[in-house]
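1. The following block contains a protein sequence and its predicted model.
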Amino acid sequence: MSAPNKSYDPVEVEALKPEEIDRARDAALAAIAAAGDLEALREVKAAHAGDRSPLALANREIGALPPHAKAEAGRRVGQARGAVGQALKRRQEELEAERDERVLVEEAVDVTLPFDRVPAGARHPLTTLSERIEDVFVAMGYEVAEGPEAEAEWFNFDALNIAPDHPARTMQDTFFVQGPGESGGSGGSGEGESGVVLRTHTSPVQIRSLLERKPPVYVICPGRVYRTDELDATHTPVFHQVELLAVDEGLTMADLKGTLDHMVRSLFGEDLRTRLRPSYFPFTEPSAEMDMVCFACRGESVGNPDRPCRTCSSEGWIELGGCGMVNPRVLTACGVDPERYSGFAFGFGIERMLMFRHNVEDMRDMVEGDVRFTRPFGMEI
Ligand code: PHE
């Protein structure tokens, strides 16, 4: 910067010569007009209106002029800088408007396009399988019956001929909700001083159905049941069963066998059959475990190491559940004359059936609520 100088004439200072000022202004205006976008304009602004621009440098020279010359030089530089500032502002506005218009076109969203923001869910396979089983029996004239999940001990055990000292009543298996004699029992006939449990099977619905209806009784009872098991790959403390009960005149074990065969064929394939193995349940007599021929290998994996079967572990049979002829003591407890009527019943777990029917290896997948598990089963209704 120049030092103050009394004999200073602005015309003598190169940067303050009128033609220099005009040249700097015109160069700035031309550059502004030529800036094609905001980025270019930013550079033009730095070069022509920034601290090191010719007009800014000229402005600084004014301070060094003698007082009489300052006004004239100041006006000239001020006008030039004002013109450049105005032009910058206008061009900035123009370019911003252009940019906004372009962005509107380029980033336009077509709100009329089809979209899939709410992915389609799927029904839980436990629900669809249980409904399929119900359908098989409804088609044969059975009724769907239901009962409460918090059940009177009397229905869950006593009426089913399960004595108070039966192992099934210990804390090992049963969730006890209310002890005997505590207030707020679930109501209903027969339970008297009964406590309340989370039902450990769907068999209490047999009792409720027999008390509510007059024979002949044909019911299928799907529902949730509870046992004090830890959740692991093959156990869950809450699971589902389907119970079947038929009480009529003249029913025999042959009817039970025929009914089971029909169910297995409807669910797994025409040429499949079942077998019964002797077993024990307090509420059926005689009792049996029911197995079906493995629908995957049809028994061909047995003794055939070249063709192992994962579905039945090469045993040829798959265990379905328990069954038998309704114990006359159960009929009597429900006011049904065992001399006139007989009946059969069976019950099995839906989770287990889903596991072998669909090769589900871990029961936890069924309770975690992940749509990636349910979706492949589809939307069967
Ligand atoms: N309720 C029995 C269970 O949960 C199964 C069963 C039902 C057995 C009906 C016989 C008749 O193990």
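-> Yep, it's here. Numbering: from 1, shown residues only.
2. contacting residues for residue 296?
-> By Cβ atoms under 8 Å, 6 or more residues apart in numbering, the residues touching residue 296 are 309, 310, 311, 312. For the C-beta atoms, the positions are set from N, CA and C on the backbone; glycine is no exception.
3. Now do the SS call for it.
-> At residue 296 the chain is in coil, as set by DSSP: H, G, I helix; E, B strand; the rest coil.
4. measure it to residue 195 for me?
-> Note on residue 296: its distance to residue 195, by Cβ to Cβ, to the nearest Å, is 44 Å.
5. re earlier: could the contacts of residue 296 go into TSV alongside secondary structure and pLDDT?
-> Formatted as TSV, these follow (DSSP: H, G, I helix; E, B strand; the rest coil; pLDDT from 0 to 100):
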residue	secondary structure	pLDDT
309	coil	92
310	coil	89
311	coil	89
312	coil	91
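6. Where neighbours are concerned, which of those has the most?
-> Within the contacts of residue 296, residue 312 tops the neighbour count with 23 neighbours, counted by other Cβ atoms under 10 Å.
7. residue contacts, that one?
-> Listed by Cβ under 8 Å, 6+ apart, the contact set of residue 312 reads 294, 296, 297, 301, 318, 356.
8. if we go to 10 Å?
-> By Cβ atoms under 10 Å, 6 or more residues apart in numbering, residue 312 lies in contact with 291-299, 301-302, 318-319, 356.
9. What about the ligand: which of these touch it?
-> Residues of the contacts of residue 312 in contact with the ligand (Cβ under 6 Å from any ligand atom): none.
10. between the residues you listed, which is nearest the ligand?
-> Nearest to the ligand among the contacts of residue 312, counting by Cβ to the nearest ligand atom, is residue 319 at 11.5 Å.
11. Report pLDDT for the closest one.
-> The score at residue 319 is 94. That number is its pLDDT.
12. Same check on residue 59?
-> 89.
13. Let's verify it: helix, strand, or coil?
-> Classified using three-state DSSP, residue 59 is helix.
14. How about residue 321?
-> Per three-state DSSP, residue 321 ends up strand.
15. ok, it touching residue 264?
-> No. Between residue 321 and residue 264 there is no contact under Cβ atoms under 10 Å: 11.6 Å.
16. more neighbours, those two?
-> residue 264 (22 against 18).
17. Show me what the closest residue to the more buried one other than its chain neighbours is bridged to.
-> Closest residue to residue 264 apart from its sequence neighbours, by Cβ to Cβ, 6 or more residues apart in numbering: residue 292 at 4.6 Å. As for beta bridges, residue 292 partners with residue 274, residue 318 under DSSP bridges.
18. hang on, isn't residue 292 packed against residue 271?
-> No. Applying Cβ under 10 Å, one finds residue 292 not in contact with residue 271, separated by 11.5 Å.
19. Mind listing the shared neighbours of these two?
-> Counting by Cβ under 10 Å, 6+ apart, the residues touching both residue 292 and residue 271 are residue 265.
20. of those two, who's got more company?
-> residue 292 (23 against 9).
21. tell me the contacts of the more buried one?
-> So residue 292 contacts 260-261, 263-265, 267-269, 272-275, 312, 317-320, 356 (Cβ under 10 Å, 6+ apart).
22. One more: residue 278?
-> 286, 287, 288, 289, 324.
23. Would you map the helices across the stretch 151-300 of the chain?
-> 153-156, 204-212, 253-268 (DSSP state H, counting those that start in this stretch).
24. Of the ones you listed, give the one that comes closest to residue 113.
-> helix 253-268 (43.3 Å; Cβ to Cβ).
25. May I see the buried residues of that closest one?
-> Residues of helix 253-268 classed as buried: 255, 256, 257, 259, 260, 263, 264, 265, 266, 267, 268 (neighbour count, 16 or more other Cβ atoms under 10 Å).
26. Just checking it against the ligand, any contact.
-> No. Counting by Cβ under 6 Å from any ligand atom, the ligand is not contacted by helix 253-268; separation bottoms out at 9.7 Å.
27. can you dump the C-alpha coordinates of that helix into CSV?
-> Output of helix 253-268 as CSV, limited to C-alpha atoms (Å, rounded to 0.1, in the frame of the first residue of the first chain):
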residue,chain,number,x,y,z
MET,A,253,-61.7,-99.0,17.7
ALA,A,254,-62.2,-99.8,14.0
ASP,A,255,-64.0,-96.4,13.6
LEU,A,256,-61.0,-94.7,15.3
LYS,A,257,-58.6,-96.4,13.0
GLY,A,258,-60.6,-95.5,9.9
THR,A,259,-60.9,-91.9,11.0
LEU,A,260,-57.2,-91.7,11.5
ASP,A,261,-56.5,-93.2,8.2
HIS,A,262,-58.8,-90.8,6.5
MET,A,263,-57.1,-87.8,8.2
VAL,A,264,-53.7,-88.9,7.3
ARG,A,265,-54.6,-89.5,3.7
SER,A,266,-56.3,-86.1,3.4
LEU,A,267,-53.3,-84.3,4.9
PHE,A,268,-50.4,-86.3,3.6
